[in-house]
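>>> With the input below, show me the fold.
(chains A and B)
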2 protein chains.
Amino acid sequence: MPRRGRRAKRVVDAVAQLEWRDVVSPYAPMEILDASQIETIVSGALEILETNGMRFLEPGSRDRLRRAGASVDDESLMVRFDRGLITESVNKAPPSFSLRARNPDRDLEFGGRHHVFASIGGPAFVSDLEQGRRPGNYAEMCDYLRLVQSLNIIHQEGGGPFEPMDLRAESRHLDLYLAQYRYTDKNCQAYALGGYRARDAIEMACIALGTDRDDLIANPAVLAIINTNSPLQLDIPMTEAIDELAAAGQVCCITPFTLAGSMSPATLAGTLVQQTAEILAVVTYAQLVRPGAPVMYGSFTSNVDMKSGSPALGTPEYTKAALASGQIARHLGLPYRSSNTTMSNCNDAQAAYESQMSLWGSVMGGAHLINHAAGWLEGGLTASFEKLIIDAEMLQMLAETLRPIGLSDDELALDAIREVGPGGHHFGTEHTLARYASAFYAPLISSRENFERWQEAGSADAATRANGAWKQLLKDYEQPPLDPGIDEALEDYVERRKLEIQQ
Amino acid sequence: MPRRGRRAKRVVDAVAQLEWRDVVSPYAPMEILDASQIETIVSGALEILETNGMRFLEPGSRDRLRRAGASVDDESLMVRFDRGLITESVNKAPPSFSLRARNPDRDLEFGGRHHVFASIGGPAFVSDLEQGRRPGNYAEMCDYLRLVQSLNIIHQEGGGPFEPMDLRAESRHLDLYLAQYRYTDKNCQAYALGGYRARDAIEMACIALGTDRDDLIANPAVLAIINTNSPLQLDIPMTEAIDELAAAGQVCCITPFTLAGSMSPATLAGTLVQQTAEILAVVTYAQLVRPGAPVMYGSFTSNVDMKSGSPALGTPEYTKAALASGQIARHLGLPYRSSNTTMSNCNDAQAAYESQMSLWGSVMGGAHLINHAAGWLEGGLTASFEKLIIDAEMLQMLAETLRPIGLSDDELALDAIREVGPGGHHFGTEHTLARYASAFYAPLISSRENFERWQEAGSADAATRANGAWKQLLKDYEQPPLDPGIDEALEDYVERRKLEIQQ
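Predicted coordinates:
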């Protein structure tokens, strides 16, 4: 039986990793604002929306807001909201929601103390150690999806790891969606630039899940990131995507791009006010499209580098904004999204410490969705094969950190301590041997070799070991089964839509 | 004036860094154990000391403990303690203390929500990018001390960054102490292996501070790490050091080396029980030497790699132990020490993410002393010049993260948000320009260049930039003034003691 032979081999070479796990923190999020400070920020946001407003570029959205009682200026395109309308709308948004995956064992919870880790979405470039950084293509994008499927610590695919530049821009979302359903059975984010891309995501979700739009309203399966054009503007493609998603009861993760000192004031307080104002305006709009449609409070607040004007990510300001944003989101009763970010151009110490600063801010901030949790490099312009593995290691470590310390009599180990006695050794005891396989976190790529052995073996750094790990994972990848009828139906849909788009 | 010319040049080249800062967290430490769980661990430790005890190798220490009512077995060298003796002794230890530096502006506070960052102490090896890893020597050790002096974020020198192997082992502590006083004006830890090395540290502190032992009792200046020989054993050199330090009212930072699965049980609960037992036994002894002598609860708990038996550091287990140990230390009313650790053999992503895991555990665990906070590589066998800088960057970022978000009207920036309006830009506004210099954290070495510019400039990673930074800092180093009389007296002391030691 060749299959058995193959399996036996895999056991030897396979990358050891944690099992799939619903990551739920047993600990309270960190609080860096008190109740009155949160109130001050939210009240500032409401004041901005009341006196100044937000610009809605799409005419239909202004009409809808006017009908709901907002004050609309069709010359400046500004919409002003009174507090009552906002509060009423925000209260309609659910404080938590579930998201279906093709494999029901991979369904996701957003809310409470759940943390969903999503892989990177959106870059134009891809990189690995051998070939360096280059524009992405479809074949490599499919490999990246295979790795996202293989890494158990990644709960959700992030809406396309990078742009397949060898495919036509106006229809490549269809190729992405098809690949997402073929190569993964996890929930995958949609790529919601414009109404038709969101609509295609919803239609293909219905096909893939063997369901219809009514059922999808009750059991959502599509989540997309909605970016405002900070400061204080919502563009037409994003509005169209909200129209489609909210109407279908799918999830709008509303995320302003508030870089303090550039797209928002050069203070964290001012930036949090503006971020909250933008989110509240868009949440209000989404709730008018469909009351009760799931939305998220998305924070991407960081700062510019004042010397160069370029973005700075994974900074102390980023970490603090992630912690504070979590408090504001909880105050508003909205599920919360944050990210794993770095400005580094390679998989060096900076990439790791900026990612750690982002991840600790996100986890301690109680983020329900940690977006771009694995793979992000170069300020989000590049999806790195090696960073995917390095981030997966960091995510596994955080997931393990969130497991409580067991305090059973057996774990307190008074007898083992007595048995070994002073000057003895615990390595060979029965108590230790009984825990040999599971006592401690076993790393994906971290080296614990001593210097001499490490040097003799070639002085490989973490990035080099990550390179070996993703190649091994690709080799061991098994495509998750998909009903051939569904596969065909998805392919038919993609073909038909491509023809329509080309016309 | 050549001096002025030199200064002007330095402004251009100098490494920009944060000013010296007393790092005080405004936030409550993270709690991963509840009150009853802390009680369970402490009660397990007391039970071990009551029924099993700890081995004290030094005969005088056993006599002292016997006189205080402990039960001593001179055959097994085991000392058993009843709870009353321990509780009474621990209650005599101060919950916080100050430590004097040669420069009074660099005096330190240990207690409350203070965090003291100490540089690495103890390795046999030194490394940098050009020369790689090699045994340390005195000239390079002095350079390392100059950098510790130069980096404002480092509050305390860690007792010798690495062994100067070109000097005689039995007297090189004297050369270290002299260099500490000459090249830094910060508080420097002592190297307390054996009574005479601790005594020399105390004598030289008296000379350097122009004071005497009576004054030093009231205003301590010497801190040394006291390691137990886990499991459950205290050796003779360490006991002698405690005798000297505690008698002189100086600080014993008591730190078991509890690697779960090797020097302690393969569970965190059991390891925390054993760690606490060892600390309580040694605290009790130190309080018998001198009631009220300052001591610290030092945690270095991590785990072995179960596959190889080698140590694993900066692991999820390490982070959890750091958080839990802080809770136990606060429960006991003892100041708390933790560390910044990694097993990595080079300054790669692993070195950074393991250090971050350690640092977040330490800071969120409320560690008053974060030992080895900068410079540690290779499981503590090597002090790296580049890691010193990378760690300083990470420490600066954490210090900035611990600064509360300002919420004044000016920082809330409602007017700036209104002024810029939708689709505008904050980079050139008056509000931003007024904050140009101080709005955001300015990094030591983190790159924010875009990929193309970074590649054209040579694709330098963080370690390479750190190499440039430490060389620049060495170039810009200015020796802190020391009274020539004191310098001479210290030198005389060292010469006299070397002669005595050689006899």
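>>> can we go C-alpha only for contacts and neighbour counts from here?
Will do.
>>> Check which helix or strand the residue nearest to residue A:21 when sequence neighbours are not counted maps to.
In this structure, residue A:21 finds its nearest non-sequential neighbour in residue A:153, 7.0 Å apart by C-alpha to C-alpha, 6 or more residues apart in numbering or on different chains. For residue A:153, there is no helix or strand it lies in under DSSP states H and E.
>>> that's a strand at residue A:72, yeah?
Yes - applying DSSP: H, G, I helix; E, B strand; the rest coil, one finds residue A:72 inside a strand.
>>> tell me the pLDDT at it?
Note on residue A:72: pLDDT of 98.
>>> What's the separation between it and residue A:375?
Here the criterion is C-alpha to C-alpha, to the nearest Å. By it, residue A:72 lies 42 Å from residue A:375.
>>> Counting neighbours, go ahead and name the busier of the two.
residue A:375 (28 against 21; other C-alpha atoms under 10 Å in any protein chain shown).
>>> What residues does that one make contact with?
By C-alpha atoms under 8 Å, 6 or more residues apart in numbering or on different chains, the contact set of residue A:375 is A:119, A:120, A:383, A:384, A:385, A:386, A:387, A:388, A:389, A:391.
>>> circling back to that earlier point, who are the contact partners of the residue nearest to residue A:21?
By C-alpha under 8 Å, 6+ apart, the neighbours of residue A:153 are A:18, A:19, A:20, A:21, A:117, A:392, A:395, A:396.
>>> now, which of those residues sits nearest chain B?
Top of the list for closeness to chain B, among the contacts of residue A:153 and by C-alpha to the nearest C-alpha, is residue A:396 at 8.9 Å.
>>> sec struct for that closest one, please.
Assignment for residue A:396 (three-state DSSP): helix.
>>> so what's it closest to, chain neighbours aside?
residue A:153 (6.2 Å).
>>> and the one you found, how far is that from residue B:411?
39 Å.
>>> what ranges do the helices span in the stretch 151-300 of chain A?
A:172-183, A:195-209, A:213-218, A:236-247, A:268-289 (DSSP state H, counting those that start in this stretch).
>>> Against which helices or strands is the helix or strand that residue A:490 is a member of packed?
Applying DSSP H and E as the criterion places residue A:490 in helix A:484-502. Packed against helix A:484-502 by the contact rule (3 or more C-alpha pairs under 8 Å, 6 or more residues apart in numbering or on different chains; DSSP states H and E) you find helix A:172-183, helix A:195-209.
>>> what's the closest of the ones you listed to residue B:96?
Closest approach to residue B:96 among the helices and strands packed on helix A:484-502 (C-alpha to C-alpha): helix A:172-183, 57.0 Å.
>>> Would you state the strands of the stretch 51-200 of chain A in chain order?
Taking DSSP state E, counting those that start in this stretch to define them, one finds strands in the stretch 51-200 of chain A at A:54-56, A:71-73, A:78-80, A:97-99, A:108-110, A:114-119, A:125-128, A:132-135, A:156-157, A:187-188.
>>> To clarify, my last question referred to the stretch 351-500 of chain A.
Under DSSP E, counting those that start in this stretch, the stretch 351-500 of chain A gives strands at A:369-374, A:376-377, A:382-384.
>>> Run the chain-centre distance for the shortest one.
I take that to be strand A:376-377. Counting by C-alpha atoms, centre = their mean, to the nearest Å, strand A:376-377 is centred 13 Å from the centre of its parent chain.
>>> Need the contact partners of that strand.
Counting by C-alpha under 8 Å, 6+ apart, A:120, A:340-347, A:351, A:382-384, A:387-388 sit against strand A:376-377.
>>> just so I know, which of the helices and strands packed on helix A:484-502 lies nearest chain B?
helix A:195-209 (22.0 Å).
>>> coming back round to it: TSV please, covering the strands of the stretch 51-200 of chain A and showing distance to chain B.
Output for those, formatted as TSV (distance: least, C-alpha to the nearest C-alpha, whole Å):
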stretch	distance to chain B
strand A:54-56	6
strand A:71-73	13
strand A:78-80	9
strand A:97-99	27
strand A:108-110	23
strand A:114-119	17
strand A:125-128	11
strand A:132-135	9
strand A:156-157	23
strand A:187-188	27
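>>> any chance of those in JSON lines, plus distance to residue A:497?
Below are the strands of the stretch 51-200 of chain A laid out as JSON lines (distance: least, C-alpha to C-alpha, whole Å):
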{"stretch": "strand A:54-56", "distance to residue A:497": "29"}
{"stretch": "strand A:71-73", "distance to residue A:497": "36"}
{"stretch": "strand A:78-80", "distance to residue A:497": "35"}
{"stretch": "strand A:97-99", "distance to residue A:497": "25"}
{"stretch": "strand A:108-110", "distance to residue A:497": "29"}
{"stretch": "strand A:114-119", "distance to residue A:497": "27"}
{"stretch": "strand A:125-128", "distance to residue A:497": "26"}
{"stretch": "strand A:132-135", "distance to residue A:497": "25"}
{"stretch": "strand A:156-157", "distance to residue A:497": "23"}
{"stretch": "strand A:187-188", "distance to residue A:497": "20"}
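>>> The ones you listed: which one's closest to residue B:451?
Per C-alpha to C-alpha, nearest to residue B:451 of the strands of the stretch 51-200 of chain A: strand A:132-135, 9.3 Å.
>>> And that closest one, what's buried?
residue A:133 (16 or more other C-alpha atoms under 10 Å in any protein chain shown).
>>> Alpha carbons of that strand, as PDB, please.
Below are the C-alpha coordinates for strand A:132-135, written out as PDB (Å, rounded to 0.1, in the frame of the first residue of the first chain):
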ATOM      1  CA  GLY A 132      13.600  37.300  -3.200                       C
ATOM      2  CA  ARG A 133      10.700  39.700  -3.600                       C
ATOM      3  CA  ARG A 134       8.700  39.700  -6.900                       C
ATOM      4  CA  PRO A 135       5.100  40.300  -8.100                       C
END
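>>> what sits up against it?
By C-alpha under 8 Å, 6+ apart, strand A:132-135 touches A:124, A:125, A:126, A:127, A:163, A:164, A:165, A:382.
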